[in-house]
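S.K.: compute the structure for the input listed below.
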Amino acid sequence: MVAALAGVLVGALAAAACSPGSGSSGAAPTATAPPTAAPPTAGPAPTAGPASTAGTAPVGGAVRWQPKPGTGWQWQLSGPLDTGVDAAVYDVDGFTTTAAQVAALHARGRKVVCYLSVGSYEDFRPDRQRFPAVLLGRSDGWPGERWLDIRRLDLLEPIIAARFAMCRSKGFDGVEPDNVDGYANDTGFPLTAADQLSFNRMVAALAHARGLAVALKNDLDQVPQLVGAFDFSVDEQCAEYQECDELIPFVAAGKAVFQAEYNLPLAAFCPAARRLGFSAELKHLSLDAWREPC
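M.R.: Prediction:
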């Protein structure tokens, strides 16, 4: 998956130093192979002022952050973290981003989202030994990754809960759980739409129990059933594949849609994104620091 590929790149750096349509994570295994990552380009110097992102939802008597439609965002999963981008929300790798970096972003008035894969196994993550072999399915098309048997909620719940607890301990405001549409892919398991709904709802509940906002990543076919359980959406290439209308329920519910495109010029998707109330930007497929927002 696209974001997971960026995780591979980040994992490799860390080791050295210390889909289209309603498929998963943007590019499906049959998509064009990712190009060589362009060098990170620092974003513009930020303008002063707080991140006006806050819609809120109660959780356990506290207030959970919920980004509103139109909130600007930055998505970076590879390369040195550029904290100087003028965006109200940062979506960054949960394992490699430190608590100090999250605090630095908070000091600049940013909200910070913790990227993690919950539907695939990644052999470069520090908790990889927690995944029993019975959970591991076919490759999802990216090096070191395999689909998970999401029917096994009993085995996956404690692993995902521990990952979300890590995000909370670092001070993240929300999570982006990736690869939550295995039922629509060739995982090696006979997954159904009902299996996916049960798994995704569990993921949302685990995040909310820790006071974290949670994104629905792609999985467009199940938006009607899941929009109530998730706080915002992260989507790849909905304009390229002419699927953006499927995300309208999020905006109608007062929830942000964070849209990334890789292959279209700004003029091809920004007018529609503005009309729909989406937060759209052009990114490199490697998800380095470079961005061109609408």
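S.K.: make it CA atoms for all contacts and neighbour counts henceforth
M.R.: Will do.
S.K.: give me the number of residues near V251?
M.R.: Other residues near V251 number 19, with proximity taken as other CA atoms under 10 Å.
S.K.: and the residue nearest to it when sequence neighbours are not counted, how close does it get to L212?
M.R.: In space, and not counting its chain neighbours, V251 is closest to P69: 5.9 Å by CA to CA, 6 or more residues apart in numbering. The gap separating P69 from L212 is 18 Å, by CA to CA, to the nearest Å.
S.K.: when these two are compared, which one has more neighbours?
M.R.: Applying other CA under 10 Å to P69 and L212 shows that L212 carries more neighbours, namely 28 against 22.
S.K.: phi, psi of the more buried one?
M.R.: According to degrees, to the nearest 10, the main-chain angles of L212 amount to phi -100, psi 140.
S.K.: residues contacting it?
M.R.: Contact partners of L212, counting by CA atoms under 8 Å, 6 or more residues apart in numbering, are 64-65, 168, 172-175.
S.K.: at 10 Å what do you get?
M.R.: 59, 63-66, 113-114, 164-165, 167-168, 171-175, 204-206, 231 (CA atoms under 10 Å, 6 or more residues apart in numbering).
S.K.: now V134
M.R.: Contact analysis of V134 by CA under 10 Å, 6+ apart lists 148-149, 152, 155.
S.K.: would you turn these into JSON lines with pLDDT and neighbour count?
M.R.: Below are the contacts of V134 laid out as JSON lines (pLDDT from 0 to 100; neighbours: other CA atoms under 10 Å):
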{"residue": "L148", "pLDDT": "98", "neighbour count": "26"}
{"residue": "D149", "pLDDT": "98", "neighbour count": "25"}
{"residue": "R152", "pLDDT": "98", "neighbour count": "13"}
{"residue": "L155", "pLDDT": "98", "neighbour count": "16"}
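S.K.: which of those residues fall within helices?
M.R.: Within the contacts of V134, membership in helices is found for L155, as judged by DSSP state H.
S.K.: closest to L216 among the contacts of V134?
M.R.: The shortest approach to L216 among the contacts of V134 belongs to L148, at 17.6 Å (CA to CA).
S.K.: close enough to count as contact, the closest one and D186?
M.R.: No. Contact criterion CA atoms under 10 Å: L148 and D186 do not qualify, at 11.0 Å.
S.K.: okay, and the common contacts of those two?
M.R.: Both L148 and D186 are in contact with 137-140, where contact means CA under 10 Å, 6+ apart.
S.K.: all the helices of the stretch 1-150 of the chain, residue numbers only.
M.R.: Along the stretch 1-150 of the chain, the stretches classed as helices by DSSP state H, counting those that start in this stretch are 2-17, 99-107.
S.K.: in terms of mean pLDDT, which of the ones you listed ranks lowest?
M.R.: Lowest mean pLDDT within these: helix 2-17, a mean of 40.
S.K.: Validate this expectation: A204 resides in a helix.
M.R.: Yes. With DSSP: H, G, I helix; E, B strand; the rest coil as the criterion, A204 is located in a helix.
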